[in-house]
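Visitor: Structure, please.
(one chain, ligands or ions: 1)
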Amino acid sequence: MNNVLKMREHAYIANTYNRFDVALKYGNGVIVVDDEGKEYLDFTSGIGVCGLGHSFEPWVKATTKQLKDIEHTSNLFYTEPMVDVAEKLCKAAKLEKVFFANSGAEANEGAIKAARKYAFDIYKGDRSEIITLKNSFHGRTISTLSATGQDSFHQFFDPFTPGFVYVEANNFEELASAINSKTLAIMVEVVQGEGGVIPLAETYLQAIQDICDHKDILFIVDEVQTGMGRTGSLFAYMQYGLKPDIVTCAKGLGNGLPIGAVLLGDKVEDIFEKGDHGSTFGANPVSCAGANVVMDYMNDSLYSNVIKMGDLLVTKLKEIPQVVQVDGLGLMLGIEIDASIAAREVVEACIEKGLLILTAKNRLRLLPPLVITDKHIEKAVKILADVLASKAKG
Ligand SMILES: *Cc1c(COP(=O)(O)O)cnc(C)c1O
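Guide: Numbering: from 1, shown residues only. Now for the predicted structure:
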C-alpha cells in the first residue's frame with residue numbers, strides 16, 4: 001500500500017487500531033478494491049455492517065436522494081425516514097417503540113438506561129444489578145465496557161460504572177444463584193461475536209426467558225452483531241421463540257451509515273419521558289433512509305440464502321484438515337484452527353491472496369455479506385484452505 005498514507009495515519013490518528021496493510025478505495029457487492037487496483041472478496045462486511053453488499057444500488061439511490069433533500073435536522077423536528085424505520089422495526093420484531101442512537105455501544109447505553117429507569121419507577125431503586133455473561137462484548141463506552149464480561153476490558157479506565165454482575169455463559173445454575181432481590185435485568189448476545197462466535201444453548205436462553213418472566217427481570221438482548229438477517233432471521237432471538245423486553249441493534253442496520261437502535265417492549269415502551277435520553281445525530285435522515293432500504297430487504301428469500309450459504313460454508317470449512325471446529329449461526333461463523341497456527345497470520349496471508357476475513361479472540365471469524373453465492377464461497381474456501389495448508393507445513 002501507499003507508504004505515505006500509512007505514515008500520515010500514524011502521525012495524525014490515535015493508535016487504537018492494529019490495521020492491515022491495505023488501503024481500500026472502492027466497494028461493489030462482495031468485492032472491495034484497494035488503492036492499487038487489487039480486488040478482494042470481502043468476508044468481513046466491514047465487521048457485519050454491509051449485509052446487502054457494498055454500494056448496494058437501491059441503498060445508494062435512497063441515501064443520496066435523502067442527502068440532497070435534507071441531511072440533518074436534529075430531533076427537535078419530525079422527519080419521515082425515522083418514523084418509517086421505527087414502524088418497520090417494531091412490526092417485524094413485535095416490539096413497541098424505538099430509540100435511535102448512532103452505534104452499538106450507544107444503543108446498549110440506551111438499553112441500560114431504559115432498564116435502570118424501569119427499576120427506578122417500579123422498584124423505587126431497590127433493583128440495581130444487571131447480570132451479563134462472561135466472554136460477552138457490549139461496547140467501548142465506560143458503561144458498556146462495564147457490561148462486557150471480560151477482565152481484559154476492565155483495565156486502565158477506572159472507575160467503571162457499578163451495577164454489573166458476570167456469570168458463565170450456558171451455566172444456568174450459576175445464573176440462578178446470581179439472581180437476587182437487586183437483579184433488574186439480564187443482558188446477553190444470542191451468539192457471542194467478539195468472544196469467538198460462541199452460540200448460547202437454546203435451553204439456556206429459554207431458561208433465562210422463564211426466570212425473567214417469573215421475577216419481572218428485564219430480558220435485554222444485544223443483537224448489534226447478530227441482528228439484521230445475519231443469523232438467518234431478522235434477529236437471532238426469534239429462532240428460539242424468545243420475547244425480550246429490550247433489543248439493541250446497530251451494525252447491519254445502516255448497511256454502512258452509522259445508526260443504532262434500542263427496541264422497547266411493552267413493559268418499557270413508555271419508560272423514557274421527555275428529556276430522559278437523547279442524541280444530536282440519532283435518527284439522522286440519511287442513516288434512516290439507508291436503514292429503510294435494509295428493512296425492505298429483510299425477508300424470507302434473504303434469510304433462506306443466509307441459512308443455505310451458512311450451511312454450505314460450514315460443510316466446506318469442515319473439510320479443511322487444519323479446521324478443528326466451526327461454530328455460529330447463519331453467516332456468522334467462528335473457526336477454531338490448529339493451535340499451532342496464529343489466526344492473525346492466517347488473516348494476513350488471506351489478504352495477500354485476495355480474501356478479507358476477521359479474527360475473534362484466537363479464532364477466525366467470517367461475516368460475509370448476506371447476499372453471497374456459492375461461487376464466492378468456493379473461491380473463499382479455496383484461498384483459506386491453501387493458506388492453512390501452507391501454515392501447517394510451517
Ligand atoms: C460491535 C458490537 C457492539 C459495539 O458496537 P459499536 O457500534 O462498535 O459501538 C456492541 N455489542 C455487540 C454484540 C457488538 O458486536
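
Visitor: Centre-most residue in the chain?
Guide: Residue closest to the average C-alpha location in the chain (CA atoms, centre = their mean): residue 225, at 1.5 Å.

Visitor: ok, now which ones touch the nearest residue to that residue once chain neighbours are set aside?
Guide: Nearest residue to residue 225, sequence neighbours excluded (CB to CB, 6 or more residues apart in numbering): residue 193, at 3.8 Å. The C-beta positions use only the backbone N, C-alpha and C, and glycine is treated the same way. Contacts for residue 193 (CB atoms under 8 Å, 6 or more residues apart in numbering) come out as 48, 137, 224-226, 332, 360, 365.

Visitor: same thing but at 10 Å, please
Guide: Listed by CB atoms under 10 Å, 6 or more residues apart in numbering, the contact partners of residue 193 are 47-48, 136-137, 222, 224-226, 230, 251, 328, 332, 334, 358, 360, 365, 367.

Visitor: List buried members of those by neighbour count.
Guide: Listed as buried from the contacts of residue 193 are 48, 136-137, 222, 224-226, 230, 251, 328, 332, 334, 358, 360, 365, 367; burial here means 16 or more other CB atoms under 10 Å.

Visitor: Out of those residues, list just those in helices.
Guide: residue 48 (DSSP state H).

Visitor: of the buried ones among the contacts of residue 193, list those near the ligand.
Guide: 137, 222, 224-225, 251 (CB under 6 Å from any ligand atom).

Visitor: Could you dump these into TSV with pLDDT added?
Guide: Shown next, in TSV, are these (pLDDT from 0 to 100):
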residue	pLDDT
137	98
222	98
224	98
225	98
251	98
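
Visitor: so what pLDDT did the closest residue to the ligand within the stretch 101-250 of the chain get?
Guide: Residue of the stretch 101-250 of the chain nearest the ligand, by CB to the nearest ligand atom: residue 104 (2.2 Å). In the prediction, the pLDDT value recorded for residue 104 is 98.

Visitor: Residue 2 now?
Guide: 85.

Visitor: What distance do you get for it to the ligand?
Guide: As judged by CB to the nearest ligand atom, to the nearest Å, residue 2 and the ligand stand 27 Å apart.

Visitor: these two touch, right, that residue and residue 36?
Guide: Yes - if you go by CB atoms under 10 Å, residue 2 and residue 36 touch, sitting 8.1 Å apart.

Visitor: what residues are shared contacts of these two?
Guide: Shared contacts of residue 2 and residue 36, counting by CB under 10 Å, 6+ apart, come down to residue 23.

Visitor: which stretches of the stretch 1-150 of the chain form strands?
Guide: Ranges of strands within the stretch 1-150 of the chain are 24-28, 31-34, 39-42, 97-101, 129-133, based on DSSP state E, counting those that start in this stretch.

Visitor: Low-confidence regions, the protein specifically.
Guide: Applying pLDDT under 70 to the chain flags residues 394.

Visitor: how close does residue 361 get to residue 190?
Guide: 18 Å (CB to CB, to the nearest Å).

Visitor: more neighbours, these two?
Guide: residue 190 (26 against 16; other CB atoms under 10 Å).

Visitor: wait, isn't that one in contact with residue 200?
Guide: Yes - here residue 190 reaches residue 200: they are 5.8 Å apart, a contact under CB under 10 Å.

Visitor: Would you mind listing what in the stretch 51-200 of the chain touches the ligand?
Guide: So far as CB under 6 Å from any ligand atom goes, the stretch 51-200 of the chain lies against the ligand at 103-105, 108, 137-139, 189, 193-194.

Visitor: Going by neighbour count, which of the residues you listed comes out on top?
Guide: Ranking those using other CB under 10 Å puts residue 138 first, with 31 neighbours.

Visitor: Phi and psi next, for that one.
Guide: When read as degrees, to the nearest 10, the backbone of residue 138 gives phi -130, psi 0.

Visitor: just to revisit the earlier point, if I pick the residue nearest to the centre of the chain, what's in contact with it?
Guide: Residue 225 sits next to 47-49, 104, 137, 189-194, 197, 231, 236, 249-252, 332, 360, 367 when contact means CB under 10 Å, 6+ apart.

Visitor: Residue 261: what secondary structure?
Guide: Put simply, residue 261 is strand when judged by DSSP: H, G, I helix; E, B strand; the rest coil.

Visitor: tally of neighbours for it?
Guide: By other CB under 10 Å, neighbour count at residue 261 equals 30.

Visitor: what's across from it in the sheet?
Guide: When assigned by DSSP bridges, residue 261 has beta-bridge partners residue 100, residue 249.

Visitor: mind checking the end-to-end distance for stretch 238-257?
Guide: Stretch 238-257 has its terminal residues 25 Å apart, counting by CA to CA, to the nearest Å.

Visitor: same question, stretch 90-107
Guide: OK, stretch 90-107 end separation, CA to CA: 16 Å.

Visitor: What of stretch 190-205?
Guide: 8 Å.

Visitor: buried set for that stretch?
Guide: So, applying 16+ other CB under 10 Å, buried residues of stretch 190-205: 190-200, 204-205.

Visitor: Same check on stretch 41-50?
Guide: 41-46, 48-50.

Visitor: ok now that stretch, how far from the chain's centre?
Guide: When C-alpha coordinates are averaged (CA atoms, centre = their mean, to the nearest Å), stretch 41-50 and its chain have centres 11 Å apart.

Visitor: Residue 243 versus residue 179, what's the distance?
Guide: 19 Å.

Visitor: hang on, the earlier thing: distance to residue 351 added to the strands of the stretch 1-150 of the chain, as JSON lines?
Guide: JSON lines is the format used below for the strands of the stretch 1-150 of the chain (distance: least, CB to CB, whole Å):
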{"stretch": "strand 24-28", "distance to residue 351": "11"}
{"stretch": "strand 31-34", "distance to residue 351": "10"}
{"stretch": "strand 39-42", "distance to residue 351": "7"}
{"stretch": "strand 97-101", "distance to residue 351": "32"}
{"stretch": "strand 129-133", "distance to residue 351": "32"}
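
Visitor: Between those, which one is closest to residue 78.
Guide: Between residue 78 and these, the tightest spacing by CB to CB is seen for strand 97-101, at 13.2 Å.
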